[in-house]
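**Q** The amino acid sequence is not available; the structure is as follows:
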Ligand code: ADP
Ligand code: ADP
């Protein structure tokens, strides 16, 4: 089974079809980039994938199981789907280490000792181990976003969804976040990325979906979609 199978997804807001009949599959190891003009439905599509938005009609299957149904185990599903937001969404009153370990510990996915060991290893990997005991406001935007990515990784997710992860960053911080994302893609992490970084998409995407007015109007390799529009 693919990680996600999306059939005829529609999501309306007050009669406006923000997502209008989108069907696609996301396979393990793919880095799928969702491009398109502002307001074309990219973020709504992404948020439907982890049920941050409730789909209006259509089906979303995660590893073969239908997730948009009344009795689906949404908590268990969400533990397997990482999400990285434009505005980081770190807890300001928790240290960096606590931000990273709270989900695996609270959900019972790891013991506190295991979660801490894993967090420390990830912090060393991204060169921010010295920040483990400070609070988010003491970090730069680029550092905060790399911590948000580590917070997703510590759950060993099947897929990570990125919603404009560099749009809120000062230009000099963008590169360090994209470098980490590129490493993850090269390691085979399955990811779905909404971004305006076209050059990055061209370099890293295994597949590009181009949206306009709620529909996928082109889908293919970066060469097909970006270079021969
Ligand atoms: P994109 O991510 O491509 O910029 P969005 O998915 O954010 O597009 O938005 C698609 C359309 O849906 C836009 O017209 C936007 O105004 C509308 N929209 C998104 N979220 C909401 C909401 N919560 N309520 C009403 N309209 C929304
Ligand atoms: P972002 O670029 O981070 O998606 P937006 O301003 O597009 O920021 O959206 C921020 C929030 O507002 C989202 O939860 C989105 O669903 C909601 N939203 C977007 N457009 C509308 C709209 N036209 N009416 C109501 N809510 C909206």
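**A** Sure, I can see it. All of these numbers come straight from a predicted model, not from anything done at the bench. Numbering: from 1, shown residues only. Ligands and ions are numbered 1, 2, ... in the order given.
**Q** all contacts plus neighbour counts: C-alpha atoms, from now on.
**A** Noted.
**Q** residues making contact with the one helix or strand in the chain whose mean pLDDT sits lowest?
**A** Using mean pLDDT, DSSP states H and E, helix 74-79 stands out as the lowest-scoring helix or strand of the chain, at a mean of 92. Residues outside helix 74-79 that contact it (Cα atoms under 8 Å, 6 or more residues apart in numbering) are 50, 67, 155, 157.
**Q** Please check the residues you listed and keep the buried ones.
**A** 50, 67, 155, 157 (16 or more other Cα atoms under 10 Å).
**Q** now the last one: how far from ligand 1?
**A** Summarising the geometry, the distance separating residue 157 from ligand 1, computed by Cα to the nearest ligand atom, to the nearest Å, is 23 Å.
**Q** wait, is that residue part of a strand?
**A** No - Residue 157 sits outside any strand when classified using DSSP: H, G, I helix; E, B strand; the rest coil, being coil.
**Q** neighbours of residue 137, just the number please.
**A** 13 (other Cα atoms under 10 Å).
**Q** Revised request: answer the last question for residue 203.
**A** Per other Cα under 10 Å, the neighbour tally for residue 203 reads 11.
**Q** May I have the residues that are in contact with the nearest residue to it once chain neighbours are set aside?
**A** Excluding the flanking residues, the one nearest residue 203 by Cα to Cα, 6 or more residues apart in numbering is residue 222, at 7.9 Å. By Cα under 8 Å, 6+ apart, residue 222 lies in contact with 201, 202, 203, 205, 206, 207, 208.
**Q** make it 10 Å
**A** 32-33, 198-199, 201-209, 228-229 (Cα atoms under 10 Å, 6 or more residues apart in numbering).
**Q** May I have the phi/psi pair for the spatially most central residue of the chain?
**A** For the chain, residue 161 is the residue whose C-alpha lies nearest the centre (Cα atoms, centre = their mean; 1.5 Å). Dihedral angles phi and psi of residue 161 (degrees, to the nearest 10) take the values phi -100, psi 130.
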